[in-house]
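1. Sequence below, structure please.
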Amino acid sequence: MSRIRKLLATAGIAALLAIPAIAPQSASASGAQASTTASASCVNASTPGGTKCLAPGEYCSHKPGYAAAYRRAGFKCKADGRLADA
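-> Model (predicted):
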C-alpha cells in the first residue's frame, strides 16, 4: 500500500469512529428520561406501555396497570375509551 492510501484509510477509520460521538443520542440510548412534551396541553406519564404524552380526549386503555398510571397523571379512562380530567 502506498503512503497516501494508508493515510486515507487511517483518516476514514478515524472518521467512522468519530460519528457516534458526534451524533445526538436518543433518550433511551443515553438512559435519560424524556422531559420534553409534544404539546403544552399534554402531560408526560409513565404507563405500562412506556412513557406517553397524555391529553384529554385521547384514546386510553382499560388493560391492567393503566388506570393507576392515568390517575397519577390526573386523568381517568372513560367507558368510551377516551381520557378525561379526573
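2. mind listing the strands for the chain?
-> Ranges of strands within the chain are 43-47, 50-54, 75-77, 83-85, based on DSSP state E.
3. mind listing the helices for this structure?
-> Using DSSP state H, the helices of the chain run over residues 3-22, 27-30, 66-73.
4. Any idea which of those helices has the lowest pLDDT on average?
-> With a mean of 47, helix 27-30 has the lowest mean pLDDT of the helices of the chain.
5. Relative to I4, how far out is T10?
-> 11 Å (Cβ to Cβ, to the nearest Å). The way it works is simple: take the backbone N, C-alpha and C, and place the C-beta from them, glycine included.
6. Please disregard the earlier target; I meant C60.
-> According to Cβ to Cβ, C60 and I4 sit 63 Å apart.
7. Run through the residues that contact the residue lying closest to R82 once chain neighbours are set aside.
-> Spatially, and ignoring its direct neighbours in sequence, R82 is nearest to G57 (5.7 Å; Cβ to Cβ, 6 or more residues apart in numbering). By Cβ atoms under 8 Å, 6 or more residues apart in numbering, the contact set of G57 is 82-84.
8. Show me which of those residues is closest to A73.
-> L83 (8.8 Å; Cβ to Cβ).
9. Identify the bridge partners of that closest one.
-> Listed beta-bridge partners, L83: C77 (assigned using DSSP bridges).
10. wouldn't it be in contact with A67 here?
-> No. Look at L83 against A67 with Cβ atoms under 8 Å: they stay out of range, at 11.2 Å.
11. picking up where we left off before, now the residue nearest to R82. Its backbone dihedrals?
-> Phi and psi for G57, reported as degrees, to the nearest 10, are phi 90, psi -10.
12. I4 versus that one, what's the distance?
-> Separation of G57 from I4 (Cβ to Cβ): 64 Å.
13. cool, and D80?
-> 70 Å.
14. Equivalent analysis for R82, please.
-> For R82, the distance to I4 equals 66 Å [Cβ to Cβ].
15. Comparing these two, which shows the higher neighbour count?
-> R82 (14 against 8; other Cβ atoms under 10 Å).
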